[in-house]
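> sequence below, structure please.
(one chain, ligands or ions: 3)
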Amino acid sequence: MNDVSLREKSIVMIGFMGVGKTTIGKAVAKRLYRDFIDIDEEIEKKFNMPTSDIFTLYGEMIFRETEKEIIVQSCKQKLKIISVGGGAFLQEEIRNACLSDCIVFFLDMSWDNWKDRISLLIDSRPVLQGKNIKQIEELFNERQPIYSEHHSRVMTDNLVVDEVADYIVESLKTAWDIYEPNAG
Ligand SMILES: Nc1ncnc2c1ncn2[C@@H]1O[C@H](COP(=O)(O)OP(=O)(O)O)[C@@H](O)[C@H]1O
Ligand SMILES: O=C(O)C1=C[C@@H](OP(=O)(O)O)[C@@H](O)[C@H](O)C1
Ligand SMILES: [Mg+2]
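Ligands and ions are numbered 1, 2, ... in the order given. Next comes the predicted model:
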């Protein structure tokens with residue numbers, strides 16, 4: 001992928017579940033006229049069932065293996081906007097593929113803001129099910145170090161989806177103009 005220009009590199013959204021990777025990824029794709037790939041949606045298409053059922057019927061290990069295969073393949077494509085699941089960066093192979101082939105945006109959020117979103121997520125995120133709020137907070141804190149490997153970070157607290165997407169597009173355009181001034 002070393003021959004791919006910065007402007008052509010795919011953009012990857014990372015961050016804890018529910019921060020808005022899918023929603024904001026779609027909004028960024030629309031603004032940049034690029035195709036959007038949601039890795040969870042690709043996994044669900046492959047198994048033809050929702051993520052919760054994949055966890056129940058096949059187990060988390062099979063989900064993680066499939067997640068890795070699809071992400072490594074997707075990262076090889078140019079000009080995509082890719083949203084990965086919140087647990088994807090637990091795997092070193094995924095981190096390496098995303099960081100070497102693509103531009104990685106970390107969508108950050110404070111626990112105080114995130115905890116108000118939990119009711120929107122609980123039914124569709126098997127990793128949250130059966131945990132009390134204290135255990136979810138622990139998971140939130142435990143996961144933060146895996147997101148520290150990124151190229152750019154956006155603090156999304158109190159921002160609506162359009163504001164986050166606009167910020168990401170502006171910062172990309174600035175970086176493209178600085179590093180490839182004559183390309184576009
Ligand atoms: N900036 C935001 N402000 C308010 N709600 C948001 C924001 N971003 C996402 N949401 C909502 O939070 C929920 C989770 O968003 P989603 O894009 O699925 O997150 P992720 O892909 O990171 O798990 C959705 O109901 C979405 O509408
Ligand atoms: O954090 C995780 O372990 C997971 C996050 C989910 O994606 P989102 O981050 O898009 O919710 C999905 O991949 C699966 O439920 C596991
Ligand atoms: Mg998502």
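> where in the chain is pLDDT low?
1-2, 184 (pLDDT under 70).
> residues of it that sit close to ligand 2?
17-18, 21-22, 40, 51, 85-87, 125-127 (Cβ under 6 Å from any ligand atom). Placement of C-beta: from N, CA and C, glycine included.
> run the last query once more with 5 Å
Residues of the chain lying close to ligand 2 (Cβ under 5 Å from any ligand atom) are 17, 40, 51, 85-87, 125, 127.
> adding distance to residue 161, secondary structure and neighbour count, write the residues you listed out as CSV.
Listed next are the residues of the chain next to ligand 2 as CSV, based on distance: Cβ to Cβ, whole Å; DSSP: H, G, I helix; E, B strand; the rest coil; neighbours: other Cβ atoms under 10 Å:
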residue, distance to residue 161, secondary structure, neighbour count
17, 16, coil, 21
40, 18, helix, 23
51, 22, helix, 18
85, 19, coil, 23
86, 17, coil, 22
87, 22, coil, 19
125, 19, coil, 20
127, 23, coil, 19
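> overlap between those residues and the residues near ligand 1?
Taking Cβ under 5 Å from any ligand atom, the overlap between the residues of the chain next to ligand 2 and the neighbourhood of ligand 1 is residue 17.
> closest one to ligand 3 out of the residues of the chain next to ligand 2, please.
Using Cβ to the ion, residue 40 is the member of the residues of the chain next to ligand 2 that sits closest to ligand 3, with 5.3 Å.
> excluding residues flanking it in the chain, which one is nearest the closest one?
residue 85 (5.2 Å; Cβ to Cβ, 6 or more residues apart in numbering).
> contacts only, for that neighbour.
Shown in contact with residue 85 (Cβ atoms under 8 Å, 6 or more residues apart in numbering): 17, 39-40, 67.
> any chance of the residues you listed in a markdown table, with distance to residue 103 too?
Formatted as a markdown table, the contacts of residue 85 follow (distance: Cβ to Cβ, whole Å):
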| residue | distance to residue 103 |
| --- | --- |
| 17 | 21 |
| 39 | 16 |
| 40 | 20 |
| 67 | 20 |
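> so residue 98 sits in a helix?
Yes. Applying DSSP: H, G, I helix; E, B strand; the rest coil, one finds residue 98 inside a helix.
> residue 12 is in contact with that one, correct?
Yes. Assessed by Cβ atoms under 8 Å, residue 98 is found in contact with residue 12 at 4.7 Å.
> so for those two, which sits in the more crowded spot?
For residue 98 versus residue 12, the count of surrounding residues by other Cβ atoms under 10 Å is larger for residue 12: 31 against 26.
> does ligand 1 have contacts with the helix or strand harbouring the more buried one?
Assigned by DSSP states H and E, residue 12 belongs to strand 11-14. No. Applying Cβ under 5 Å from any ligand atom, one finds strand 11-14 separated from ligand 1 by no less than 7.4 Å.
> show residues contacting the strand ranked longest in the chain.
Longest strand in the chain by number of residues (criterion: DSSP state E): strand 103-108. Applying Cβ under 8 Å, 6+ apart, the contact partners of strand 103-108 are 6, 9-15, 19-21, 24, 98, 147-156, 164, 168, 172, 175.
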